[in-house]
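Enquirer: Quick one: sequence plus predicted model below, questions after.
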Amino acid sequence: MIARELVALPVYTDEVVRGLISRPKTLPCKLFYDDRGSQLFEEITRLPEYYLTRTEFEILQEYSREIIQAAGPPLSIVELGAGTATKTGTLIRALARKQIRVKYFPVDISAGALADAKNRIKKECSNVSILPMIADFGDGFHFFREIPGCKLVLYLGSSIGNFDWNDATAMLRKVREQLSPGDSLLLGADMVKHENFLLPAYDDAQGITAEFNKNILLRLNRELGANFDLDSFRHVAEWNPAASRIEIYLESTRTQTVTLGLARGTVQFRAGERIHTENSYKHTMPMVERMLCVSGFKLETTWFDSREWFGLHLARV
Ligand code: AVJ
């Protein structure tokens, strides 16, 4: 046997091959987040055009006390997709003012991000036990059972926006299954607004979002031995009003054939042909209400920024 045959293919290989042979071509947006991609995303959150993170942070700054008050009895905070927990400090401090012992459970797939989250919250908040949990949401939320007492579950940053209707409600339903009466969910959702504001957030002047998008190809080159020529693809962002989402693509600027390397086989591109790499859904209040309702939650309170661009939605089981 040749040694090369023993090289373990990345777990996402099948998904990549299936995406690239389907029409239209697609790649899963979770591939954005390797180390470099996560770094580029952090840069995106600081861009002038990317209002989401900044706006959500403002809402948290202004309403943390109210949110904690509304969430009710002695609580543990569980944060899904916590990442490096840049926005959570205010909420934890508001809880620590009401309650002597606070437990914070940041949940993420990245151990590196969780280590950063722990250090950050330790610095920002005193009297908090931080108990990081590594978990992949694809495996459900059984780990909630290990968390005692009443829970406030955070799902911030409009991460829910990457899911279409069926996947979003399936995910929320799985969260709901592991919760008990008295528990609550705080969902951060980006709201529909004029495309003059939406589009620049996904196609910034500095080209960081383009770099973030193309990082998928760089990753396939490195990890699969593919030979995508990054200069022959351009970043495209479009607003699809019928589907209420921003769509992100990588568009081939010429006719070309790409070799996938370890995955074997080639992929043909026509000039102008696209790979669909991401959807980012923008919500209206009826959408949020319905999404929560069909997932077994009841929307209780929404906090907005002054422009109502972003909403923090508190729901109960
Ligand atoms: C992390 C899913 C919230 O949709 O705004 C940012 C990802 N993509 N720029 C979003 C993203 C391009 C982001 N979420």
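Expert: Happy to help now that I have it. Note that this is a predicted model, so its numbers are computed, not measured.
Enquirer: Only C-alpha atoms from now on, for both contacts and neighbour counts.
Expert: OK.
Enquirer: Let me see the ranges of the strands in the stretch 51-200 of the chain.
Expert: Under the criterion DSSP state E, counting those that start in this stretch, strands of the stretch 51-200 of the chain are mapped to 75-80, 102-108, 128-130, 133-134, 150-155, 184-190.
Enquirer: Out of the ones you listed, which one sits most buried?
Expert: Of all the strands of the stretch 51-200 of the chain, strand 184-190 carries the top mean neighbour count, a mean of 25, counting by mean count of other Cα atoms under 10 Å.
Enquirer: quick one: that strand to chain centroid distance?
Expert: With Cα atoms, centre = their mean, to the nearest Å as the basis, strand 184-190 stands 12 Å off its chain's centre.
Enquirer: Pull the number of nearby residues for whatever residue of the stretch 201-317 of the chain ends up closest to the ligand.
Expert: Nearest to the ligand in the stretch 201-317 of the chain, going by Cα to the nearest ligand atom, is S280, at a distance of 4.4 Å. Burial of S280 is recorded as 20 neighbouring residues (other Cα atoms under 10 Å).
Enquirer: A168 is in contact with that one, correct?
Expert: No - with contact defined as Cα atoms under 8 Å, S280 does not reach A168; the gap is 11.9 Å.
Enquirer: give the contact list for R316.
Expert: With contact set as Cα atoms under 8 Å, 6 or more residues apart in numbering, R316 has these partners: 181-185, 297-300.
Enquirer: Would you write out the PyMOL command that picks the buried residues out of those?
Expert: Remark: buried members of the contacts of R316, expressed as a PyMOL selection using 16 or more other Cα atoms under 10 Å:
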select buried, resi 183+184+185+297+298+299
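Enquirer: The contacts of R316: which ones sit near the ligand?
Expert: By Cα under 6 Å from any ligand atom, no member of these lies near the ligand.
Enquirer: what does the helix or strand where the residue of the stretch 201-317 of the chain closest to the ligand lies rub up against?
Expert: For S280, the host element (DSSP states H and E) is strand 274-281. Defining contact as Cα under 8 Å, 6+ apart, one finds that strand 274-281 is touched by 20, 24-29, 160-164, 190, 213, 243-252.
Enquirer: the inter-axis angle of it versus strand 184-190?
Expert: 130 degrees (axes from the mean of the first three to the mean of the last three Cα atoms, to 10 degrees).
Enquirer: Past strand 274-281, which element shows up next along the chain?
Expert: Using DSSP H and E, the first helix or strand after strand 274-281 is helix 285-294.
Enquirer: Which positions within that next one qualify as buried?
Expert: Quick answer for helix 285-294 (16+ other Cα under 10 Å): 288-289, 291-293.
Enquirer: For the residue of the stretch 201-317 of the chain closest to the ligand, list each beta-bridge partner.
Expert: Taking DSSP bridges as the rule, S280 bridges to I246.
Enquirer: Flag every residue of the stretch 101-250 of the chain that's near the ligand.
Expert: 157-159, 161-162, 202, 209.
Enquirer: ok, now with 5 Å
Expert: Residues of the stretch 101-250 of the chain lying close to the ligand by Cα under 5 Å from any ligand atom are 158-159.
Enquirer: tell me the helices in the stretch 101-250 of the chain, going along the chain?
Expert: 111-124, 165-177, 195-201, 208-224 (DSSP state H, counting those that start in this stretch).
Enquirer: Same list (these) but as JSON lines, adding mean pLDDT.
Expert: Supplementary listing: the helices of the stretch 101-250 of the chain in JSON lines, determined by pLDDT from 0 to 100:
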{"stretch": "helix 111-124", "mean pLDDT": "93"}
{"stretch": "helix 165-177", "mean pLDDT": "97"}
{"stretch": "helix 195-201", "mean pLDDT": "98"}
{"stretch": "helix 208-224", "mean pLDDT": "97"}
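Enquirer: Might one say that H235 is in contact with I248?
Expert: Yes - H235 lies in contact with I248 (Cα under 8 Å); the separation is 7.4 Å.
Enquirer: what about L260, how many residues close to it?
Expert: L260 has 21 nearby residues by other Cα under 10 Å.
Enquirer: Likewise for R97?
Expert: 11.
Enquirer: contacting residues for it?
Expert: Here R97 is in contact with no residue (Cα under 8 Å, 6+ apart).
Enquirer: swap in the one 3 residues further on?
Expert: Under the criterion of Cα under 8 Å, 6+ apart, the contact partners of I100 comprise N127.
Enquirer: Hmm, V317 is touching Q178, no?
Expert: No - V317 is beyond contact range of Q178, at 10.1 Å (criterion: Cα under 8 Å).
Enquirer: Skip the chain neighbours and tell me the closest residue to D183.
Expert: Sequence neighbours aside, K151 is the residue nearest to D183 in space, at 5.0 Å (criterion: Cα to Cα, 6 or more residues apart in numbering).
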